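Mind folding the following:
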Amino acid sequence: MKSSLFGQKKQRRTPKDLATKSHQCLERVINKCPVEKDQENLAKYFQETRAILHGDGTHDLDPKLIQELVDASMKENIPSMISQGLPMLEFEARKDAAATYNGLVRAKDLETGTYKVADELSEKNDGEELDALILGYEKQSSALAYGAMLREVVRHENVLEKVLRRESFLKFFQFMQFENFEIASDAMASFRECLTRHKDIVAKFLIGEAYERFFEKFNDLLERGNYVCKRQSLKLLGEILLDRASGEVMMKYISKAENLCLMMNLLRDDAKSIQYEAFHVFKVFVANPNRPLAVTSILEANKKKLMHFLGKFHEERDKDDTQFAEERQTLIDVLRGI
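Numbers count the residues shown, from 1 in each chain. Here you go, the predicted model:
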């Protein structure tokens, strides 16, 4: 009897069974009335669903099995329940639950070629699940897991469009300044992903009604944020403004005299790395052939000081960065002609 059992392969639960049992346990955990072993069982269920979606080195990925799991999970509302109940799970279960969520979002339907979980998420009108992902940064124990889930869903254009328009999205300006460096850095990574993944959608969002509030908070971050926030945000701003898709956004931003003054102040920041990133935004103001009068007046009033300042600005880079040296000289020549 022992020899017949020894080495016997453990039988997998079916996708339907995994989804049903996960739903039952999650519901009790979310409603704060768990029974004995709910946490232990959830750890097992999510470990198994993760293995189906991502592989475990023992079984090959089975597209049909993944499809069954996606369909069963959607029927049992598992993605939404994970987004709601993640902080209530124990550490290992939380990691596997987040991996399960990401695997479900990533799974493509075998018949239609669509991403059913992502599509359903984008079609929900209440936005509660998206808010849960964004505001997950407020829950320290599960913030990084929520961040990974958010970055996964915004790979899909239809979901990103909804994320950008959530009021909760503006909370990123707070998250990126958290004292916890790991969480703040992860929030910055998610913020960057949202603003660089699908550039046409981002440009449409920024040039619309959101422009004033977004850049008011963005500029405030550049003025009052810590070193890491300033540097990363300046770099991101430069990327956004110089991207072809954001031409209208760039013209609107560089037409504001107060934005020019902010960049001129950042050119004199104590940190050289921030000075350098500010230079790459400042140069757009100077190089603009259609500068508004207010911008031109500021440059004209300060051109002698600026020319002198730029003449020695980061000279140590010239040997290894000839493009920077050329750009700096071009700005001096343009200023001389104003």
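
In the stretch 151-300 of the chain, where is pLDDT below threshold?
Filtered on pLDDT under 70, the stretch 151-300 of the chain yields no residues whatsoever.

how about stretch 212-222: buried residues?
214-215, 218-219, 221-222 (16 or more other Cβ atoms under 10 Å). Quick note: C-beta positions are derived from backbone N, CA and C, even for glycine.

Among these, name the ones in helices.
214-215, 218-219, 221-222 (DSSP state H).

wait, which of those is closest to Asp320?
Leu222 (27.0 Å; Cβ to Cβ).

dump the residue contacts of the closest one.
230, 233-234, 237, 262, 266 (Cβ atoms under 8 Å, 6 or more residues apart in numbering).

One more: Arg151?
Contacts of Arg151 by Cβ under 8 Å, 6+ apart are 189-190, 193.

try Lys252
Per Cβ under 8 Å, 6+ apart, neighbours of Lys252: 207, 211.

Please apply the same query to the one 3 residues further on.
Counting by Cβ under 8 Å, 6+ apart, Ser255 makes contact with 291-292, 295.

And for the helix ranked longest in the chain, what's in contact with it?
Secondary structure of the chain per DSSP H: the longest helix is helix 293-311. By Cβ under 8 Å, 6+ apart, the residues outside helix 293-311 that reach it are 254-257, 260-261, 264, 267, 285-286, 288, 291, 328, 331-332, 335-336, 338.

And Asn265, its phi and psi?
In terms of degrees, to the nearest 10, the main-chain angles of Asn265 are phi -70, psi -40.

Check Pro34 and give its pLDDT.
On the pLDDT scale, Pro34 is placed at 84.

Excluding sequence neighbours, find me the nearest residue to it.
Arg28 (4.7 Å; Cβ to Cβ, 6 or more residues apart in numbering).

Repeat that for Tyr101.
Nearest to Tyr101 is Ile82, by Cβ to Cβ, 6+ apart, at 4.7 Å.

From Asn265, how far out is the one you found?
With distances taken as Cβ to Cβ, to the nearest Å, Ile82 is found 45 Å from Asn265.

Could the C-alpha coordinates of the helix or strand hosting Ile332 be exported in CSV?
Assigned by DSSP states H and E, Ile332 belongs to helix 322-336. Provided in CSV are the C-alpha atoms of helix 322-336 (Å, rounded to 0.1, in the frame of the first residue of the first chain):
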residue,chain,number,x,y,z
THR,A,322,29.1,67.0,-26.3
GLN,A,323,25.3,67.2,-27.0
PHE,A,324,24.8,68.9,-23.7
ALA,A,325,27.6,71.4,-24.5
GLU,A,326,26.1,72.2,-27.9
GLU,A,327,22.6,72.7,-26.4
ARG,A,328,24.0,75.0,-23.7
GLN,A,329,25.8,77.1,-26.3
THR,A,330,22.7,77.2,-28.5
LEU,A,331,20.7,78.6,-25.6
ILE,A,332,23.3,81.3,-25.0
ASP,A,333,23.2,82.3,-28.7
VAL,A,334,19.4,82.4,-28.7
LEU,A,335,19.4,84.5,-25.5
ARG,A,336,21.9,86.9,-27.0
